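> Coordinates for the following, if possible.
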Amino acid sequence: MRTLFSAFLVLISLTAAAAAESCPDVNWEARQTITVSALVLDPPSRPSYSATAGGYTDLRDCSATIGGLHQRGFVNSRPDFTFDVSDMQYFTHMYFRASGVDQWGSSDRCPIILLVRTADGRWKANHQFQRTSSNYGAYEVTEPEVVITALNGFGAAAGPIQVWVGTFYSTDVCAVTLQLIPALYEQSIIANRRE
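Below you'll find the model as predicted:
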């Protein structure tokens, strides 16, 4: 009986260690490292960045690793992007907005999630499923968006911003386009009223 109990404890510790190792790891080098000025992210010259969304790391098992967020979705352990954004002192908000399509070209079957770690260590996440107000229990597919706000007026913390692009289900793989959109406080109010 003691041997069985010892084997059970070993199994539990191995499972916990495997789960911890598979969570988003801020120490891994991103698949893409991009240095850009926030001043060139305004239209019409706003660039977009491509990635493949998907992964096998279940974020429900990673709440302690990602700052206590309770987020559903699947990502890779390695970040998809590291952004080093200069000139943020001129803006109060930075929007990370993603859109994607699956292998058949459908955005409805490509539920994307975004996981972002700011330079000062804050974690933010959002996914594409939003509950509709007209029909409880129904979901509509929207573009996921994560907003980083400055803690003290203008300018988010300087340093790298890490982004993981995942999917709501582990079986999904989607082609994703990501845009960074800087805004002032007044612009963010107008943008939220339009949506």
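> State the mean pLDDT of stretch 34-48.
Per-residue pLDDT values over stretch 34-48 give a mean of 84.
> Go ahead and name everything in contact with that stretch.
With CB atoms under 8 Å, 6 or more residues apart in numbering as the test, stretch 34-48 has contacts from 49, 81-88, 90-91, 94, 177-182. (Glycine included, C-beta is placed from N, CA and C.)
> Number of residues surrounding the closest residue in space to residue 160 that isn't next to it in sequence?
Here the nearest residue to residue 160 in space, its sequence neighbours aside, is residue 82; by CB to CB, 6 or more residues apart in numbering that works out to 4.9 Å. The number of residues packed near residue 82 is 20, by other CB atoms under 10 Å.
> elements contacting the helix or strand harbouring residue 82?
Using DSSP states H and E, residue 82 sits in strand 81-86. Strand 81-86 is packed against strand 32-37, strand 160-167, strand 174-183, with contacts defined by 3 or more CB pairs under 8 Å, 6 or more residues apart in numbering; DSSP states H and E.
> same thing but 7 Å
strand 32-37, strand 160-167 (3 or more CB pairs under 7 Å, 6 or more residues apart in numbering; DSSP states H and E).
> Throw the ones you listed into CSV and include distance to residue 53 and mean neighbour count, thanks.
Rendered in CSV, the data for the helices and strands packed on strand 81-86 read as follows (distance: least, CB to CB, whole Å; neighbours: other CB atoms under 10 Å):
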stretch, distance to residue 53, mean neighbour count
strand 32-37, 13, 13
strand 160-167, 4, 25
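> Distance to residue 119 added to these, as a markdown table?
As requested, those are arranged in a markdown table below (distance: least, CB to CB, whole Å):
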| stretch | distance to residue 119 |
| --- | --- |
| strand 32-37 | 13 |
| strand 160-167 | 6 |
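> With respect to residue 123, which of those lies nearest?
Among the helices and strands packed on strand 81-86, the nearest to residue 123 by CB to CB is strand 160-167 (9.6 Å).
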